[in-house]
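In: Below are the sequence and a predicted model; questions follow.
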Amino acid sequence: MKLNELISQFTIAVSNEESDLLERIETVMPYHSFTERDRFVIDNLIRKSLLSKIHNRGNTLVVKNDVES
């Protein structure tokens, strides 16, 4: 039996601040374009696997992971 069969709905707790930031990120965005506070929140979202940080040719980018709503 797979884990997905046991758990019908899996949710990740996010704060209001994290939710607002997730809504603002629609496409791939440069990490340096965010404020220091936003970067702190982004790092928390990366730990929760809701965002990914991509290193490309010396640039650091942030992209939203595919999650089912």
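Out: On my side now, so go ahead.

In: What ranges does the chain have for its strands?
Out: Ranges of strands in the chain, per DSSP state E, are 29-30, 51-56, 59-64.

In: low pLDDT regions in this structure?
Out: With pLDDT under 70 as the threshold, the chain has low-confidence stretches at 1-6, 67-69.

In: Now render the strands of the chain as CSV, adding distance to residue 45 and mean neighbour count.
Out: Yep, even glycine has a C-beta here, placed from its N, CA and C like the rest. Shown next, in CSV, are the strands of the chain (distance: least, CB to CB, whole Å; neighbours: other CB atoms under 10 Å):
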stretch, distance to residue 45, mean neighbour count
strand 29-30, 13, 13
strand 51-56, 4, 12
strand 59-64, 9, 15
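
In: Give the closest residue to the spatially most central residue of the chain in space, chain neighbours not counted.
Out: For the chain, the residue nearest the mean C-alpha position is residue 51 (2.3 Å; CA atoms, centre = their mean). In space, residue 51 comes closest to residue 45 once its chain neighbours are excluded; the distance is 4.3 Å by CB to CB, 6 or more residues apart in numbering.

In: shouldn't that neighbour be in contact with residue 17?
Out: No. Using CB atoms under 8 Å, residue 45 makes no contact with residue 17, being 10.1 Å away.
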